[in-house]
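Q: just the structure for this:
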Amino acid sequence: MTDHVSSAPAAAHDAAHGAAQSAARTPAWYRSPLARDELAALSRRSNLRGWLQAGGHLLLLLATGTLTLALFRHGHYAAALVALLVHGGCYGFLGWAGAGHELSHRTVFASRRLNDAFLALFAFLTWNNPVYFRASHARHHQKTVHDGEDFEVRLPQTTRRGDWLWACTFNVPAMVRAVRIVVENSRDVVKGPAGQLLFADRAGAPRRDLVRTARRTLGGHIVLAAGFLATGNWELLLLVTLAPFVGDWPSKLLALAQHYGMEPNVADFRRNSRTVLLHPACAWLYWQMNYHIEHHMYPAVPFHQLGRLRDAIANDLPAPTVGLRGIVAEIRSGRLARASLPGAPRRFSEQRD
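A: Numbers count the residues shown, from 1 in each chain. Modelled structure (predicted):
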């Protein structure tokens with residue numbers, strides 16, 4: 001979640017005026033041609049597919065958490081730490097770089113209630129606020145990688161080696177920032193330019209919802225942490241309360257790859273977003289958000305249909321990045337989006353000999 005700012009009534013008026021002007025400047029986005037009936041078929045949502053994905057992710061975390069706990073309690077501390085890093089790496093995808101992102105679009109389940117219930121659960125588990133994210137993310141889709149207008153992609157994008165050292169172990173800076181924001185929001189303190197625009201009205205319903213959600217998150221984690229310690233289950237602090245900050249490099253890397261180094265201030269998702277072909281297991285853990293150009297073009301298409309969407313419009317797309325190594329190579333090179341748009345391979349399997 002990004003920092004945001006509280007403001008006075010005059011600032012609220014200015015922010016509202018700025019929002020109106022900003023809406024008028026929303027780009028006319030290019031979208032690859034797709035027949036209306038085909039888009040309708042691809043946009044069908046499924047409670048079954050939602051349960052399989054969300055339930056499967058939770059079962060995976062139950063398995064990695066149980067293994068880590070058993071190793072700790074049997075004194076195999078080195079193996080337990082390795083298992084904990086695996087658990088944390090999988091846990092991180094519950095947040096905005098995976099499950100939480102898709103649930104915020106309400107496309108995972110056919111049921112609106114199920115989407116919102118799982119979003120609330122996963123946001124709580126990852127110390128996030130869905131009220132803020134929904135507001136910020138709607139703007140991200142309207143103004144993708146537009147300088148000063150997209151609050152989720154701040155230009156120029158940078159990355160530091162020290163950040164990755166934290167991400168590969170225990171991400172103390174991310175934890176401090178997340179807890180600080182939750183505490184501030186619970187006290188009705190909202191900082192930063194994004195908050196000034198999106199939550200300027202202190203008496204408005206969005207601001208009240210933001211504060212209430214932050215208070216539930218803070219109170220809930222205090223109760224859980226106290227319960228874990230009181231019952232002697234200190235390991236659960238690492239497996240639940242602090243898990244989003246343990247070994248979170250996979251979700252950080254894939255989230256960064258969505259727009260890093262791509263062309264800013266253009267009305268074409270093919271030039272400001274990146275699709276990555278991943279191994280199916282990795283794509284499943286990432287909730288298929290590796291098909292990121294496709295998602296931005298047609299955000300109503302559920303995660304499980306994004307591969308089929310790519311098949312339908314691949315000839316109008318740029319060549320995709322291939323695998324995690326491809327992401328790292330492109331980030332290190334800092335090159336922008338490819339100029340040639342006809343797509344090459346459509347799926348990960350087509351890249352292999």
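Q: Pro27 belongs to a strand, doesn't it?
A: No - checked against DSSP: H, G, I helix; E, B strand; the rest coil, Pro27 lies outside a strand; its state is coil.
Q: measure how buried it is and give me the count.
A: Pro27 is flanked by 14 other residues according to other C-beta atoms under 10 Å. (Glycine included, C-beta is placed from N, CA and C.)
Q: distance of the closest residue to it other than its chain neighbours relative to Leu309?
A: Using C-beta to C-beta, 6 or more residues apart in numbering and skipping residues adjacent in sequence, the residue nearest Pro27 is Ala267, 3.7 Å away. Noted for Ala267: a distance of 20 Å to Leu309, by C-beta to C-beta, to the nearest Å.
Q: who's more crowded, the two?
A: Remark: of Ala267 and Leu309, Leu309 carries more neighbours, 24 against 13, as counted by other C-beta under 10 Å.
Q: next one: the residue nearest to Pro27, what pLDDT does it get?
A: For Ala267, the pLDDT comes out at 96.
Q: what residues of stretch 115-131 count as buried?
A: By 16 or more other C-beta atoms under 10 Å, the buried positions in stretch 115-131 come out as 115, 118-131.
Q: give me the contact list for that stretch.
A: 1, 50, 54, 91-92, 94-96, 99-100, 103-104, 106-109, 133, 178-179, 181-182, 185, 206, 209-210, 213-214, 216-217, 220-221, 240, 243-244 (C-beta atoms under 8 Å, 6 or more residues apart in numbering).
Q: so which of the buried residues of stretch 115-131 belong to helices?
A: Asn115, Phe118, Leu119, Ala120, Leu121, Phe122, Ala123, Phe124, Leu125, Pro130, Val131 (DSSP state H).
Q: and the pLDDT for the first one?
A: This points to Asn115. Asn115 is given a pLDDT of 98.
Q: do the one 4 residues further on as well
A: pLDDT, Leu119: 98.
Q: then Ile331?
A: 89.
Q: three-state assignment of it?
A: Under three-state DSSP, Ile331 comes out as helix.
Q: returning to what we had before: how about a markdown table for the ones in helices among the buried residues of stretch 115-131, with distance to Tyr291 added?
A: What follows is those, written out as a markdown table (distance: C-beta to C-beta, whole Å):
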| residue | distance to Tyr291 |
| --- | --- |
| Asn115 | 19 |
| Phe118 | 21 |
| Leu119 | 20 |
| Ala120 | 26 |
| Leu121 | 25 |
| Phe122 | 20 |
| Ala123 | 23 |
| Phe124 | 27 |
| Leu125 | 25 |
| Pro130 | 23 |
| Val131 | 27 |
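Q: return the member of those residues nearest to Leu236.
A: Nearest to Leu236, judged by C-beta to C-beta, of these is Leu125 at 12.4 Å.
Q: would you state the strands of this structure in chain order?
A: 276-277, 321-322 (DSSP state E).
Q: so where's this protein shaky on pLDDT?
A: 1-25, 334-353 (pLDDT under 70).
Q: for the residue nearest to Pro27, give me phi and psi.
A: phi -100, psi 40 (degrees, to the nearest 10).
Q: didn't Thr217 look like it was pressed against Val182?
A: Yes - here Thr217 reaches Val182: they are 5.4 Å apart, a contact under C-beta atoms under 8 Å.
Q: higher neighbour count, these two?
A: Thr217 (26 against 21).
Q: now do the contacts for the more buried one.
A: Thr217 sits in contact with Ala123, Phe124, Trp127, Asn128, Asn129, Val182, Ser186, where contact means C-beta under 8 Å, 6+ apart.
Q: quick check: phi and psi at the third one.
A: The phi/psi pair for Trp127 (degrees, to the nearest 10) reads phi 60, psi 40.
Q: good, we can wrap up now.
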